[in-house]
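K.L.:
My questions are about this predicted structure, shown below with the sequence.
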Amino acid sequence: MTANPIPKGKIFSLSLAHMFNDWYMNFLQTLLPFIVALGTGIGRAALLISAFTATASILQPVLGYFVDRKNQRWLVHAGTVWMAVLLSLVGTTHNYHLLLLLSTLSGLGTAAFHPQAAAMISSVSGSRKGLCQSIFVAGGNVGWALTPLMVIPVVKNYGLSATPVFAVPGILVALLLWFTAPETSAAPTRKSSAPLLTILRASWLELTKIVLIVACRSLTYFGLISFLPLYLQMRNVSIVASSHLLFIMLFSGAIGGVLGGYLSDQMGRKSVIAGSLILSTPCFHLFLQGSGFTMYLYLILAGAFLLASFSVTIVLAQEIISENAATASGLTLGFGIGIGGLGVGLVGILIEHMGLAYGIGLLLWLPLAAGLFALTLTKKNVVAALEPTGKEMQI
């Protein structure tokens, strides 16, 4: 079968918007060393990240359900500007409870953006869903990588009071989305499809597996972004140098995500998810033990392997509940990632009692566990089983 041409303009526009949107999702993690330096404990500072991800994770599947019922194009630009403005105010107050409130409310922005945007990508991707979704996800991962490079020099030189200037990129990208977001409805045309609750009941086991895999991967991801700079500082690496290492890890993850999405279209979803996660754990350990060129090489490989399955898990969930792409995106981009983000607060409390080395070591074993668990994913398309003409899905 010949693949349909990829609508490059629409994919690029949404991926660029995703880059700026996810730039803000790494904002609190990047500010963590500065917030801790002001006297806030690591555990309390990490709870700000958990508060942000809690709001985002809980609401994404709910918003995804409404997107599946009726296209909500406005969510992508409204959510972006909402998150940008609220997060830019974080540096203007030293009141912890106000910081917690700003972190919690700003999570509504990413909850609004991601299900609608991911469903838009799905609706214009044709038969190249793995590749197109990986390009979209790579845009977000590049945004994560750029945050420390852009935020740390400004805050280091001008202090936390300079954070309001960071509202500007969000406002600009919201204007971009106003004019360029696809008009195509994210909700698919349904022909006597089963009700959503029936589909979820039939597919709960496989969806639960995917959510748990995503949660383990995202806890490692969020945890390393939050605590690795503090750990490296303990080993006499400057905060600027650690920001460069984070950039290398996250940018490599963006490249790995594109390769993983491409390979999943060729080799199947299961092999890419399991293989990449299993390989990331030894690479991270070798990075921490290495020096010179080999240290950078292992970090590049570790970042690429960790995020190679990012888009693949989204596509797999969308294939399992194929008529509810935004709900599937909400479960993986929101709920699954959110569970991992919530764990950052718990890891922060653990670090206060057990030390940074113990917390980092725990985080690095999670991808291996998730990869081994991914081997239990089955090939059965549960949704297709509800329809007499359904075909088995290859994962």
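P.N.:
All right, it came through fine.

K.L.:
Low-confidence stretches in this protein?
P.N.:
Applying pLDDT under 70 to the chain picks out residues 1-7, 64-65, 67-72, 124-130, 182-200, 322-330, 333-335, 379-395.

K.L.:
Give me the neighbour count for L286.
P.N.:
16 (other Cβ atoms under 10 Å). All C-beta atoms are positioned from the backbone trio N, CA, C, and that covers glycine.

K.L.:
mind exporting stretch 82-101 as CSV, just the C-alpha atoms?
P.N.:
What follows is stretch 82-101, C-alpha atoms only, in CSV (Å, rounded to 0.1, in the frame of the first residue of the first chain):
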residue,chain,number,x,y,z
TRP,A,82,-2.9,30.8,29.9
MET,A,83,0.0,28.6,30.9
ALA,A,84,2.6,31.2,29.7
VAL,A,85,1.2,34.1,31.7
LEU,A,86,0.7,32.2,35.0
LEU,A,87,4.1,30.5,34.9
SER,A,88,5.8,33.8,34.1
LEU,A,89,4.6,35.1,37.4
VAL,A,90,6.3,32.4,39.4
GLY,A,91,9.4,34.5,40.0
THR,A,92,7.5,37.5,41.3
THR,A,93,6.5,36.1,44.7
HIS,A,94,8.3,34.3,47.5
ASN,A,95,5.1,33.2,49.1
TYR,A,96,5.1,29.4,48.9
HIS,A,97,1.3,29.0,48.9
LEU,A,98,0.9,31.5,46.1
LEU,A,99,3.6,29.6,44.1
LEU,A,100,1.7,26.4,44.7
LEU,A,101,-1.5,28.1,43.5
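
K.L.:
Give me the contacts around that stretch.
P.N.:
Outside stretch 82-101, the residues that touch it by Cβ atoms under 8 Å, 6 or more residues apart in numbering are 21, 24, 27-28, 31, 35, 38, 40, 44, 47-48, 51, 102-103, 105-110, 112-113, 155, 159-167, 169-171, 174.

K.L.:
Same check on stretch 39-46?
P.N.:
Outside stretch 39-46, the residues touching it (Cβ under 8 Å, 6+ apart) are 32, 35-36, 96, 226-227, 230, 344-345, 347-349, 351-352.

K.L.:
wouldn't V211 be in contact with I337 here?
P.N.:
No: with contact defined as Cβ atoms under 8 Å, V211 does not count as touching I337 (9.3 Å).

K.L.:
Which one's more surrounded, those two?
P.N.:
More crowded of V211 and I337, by other Cβ under 10 Å: I337, with 28 against 22.

K.L.:
and F284, what is it in contact with?
P.N.:
So F284 contacts 298, 302, 306, 364, 367 (Cβ under 8 Å, 6+ apart).

K.L.:
List the ones among the residues you listed that fall in helices.
P.N.:
Among those, DSSP state H puts 298, 302, 306, 364, 367 in helices.

K.L.:
By neighbours, which of these wins?
P.N.:
Neighbour max across those (other Cβ under 10 Å) = L306, 30 neighbours.

K.L.:
follow-up on the earlier one: tell me which of the contacts of stretch 39-46 fall in helices.
P.N.:
Of the contacts of stretch 39-46, the ones assigned to helices by DSSP H are 32, 35-36, 96, 226-227, 230, 344-345, 347-349, 351-352.

K.L.:
Out of the residues you listed, the closest to L75 would be?
P.N.:
Within the ones in helices among the contacts of stretch 39-46, proximity to L75 (Cβ to Cβ) peaks at V344, which comes in at 25.6 Å.

K.L.:
Near the closest one, how many other residues are there?
P.N.:
Counted with other Cβ under 10 Å, V344 comes out at 28.
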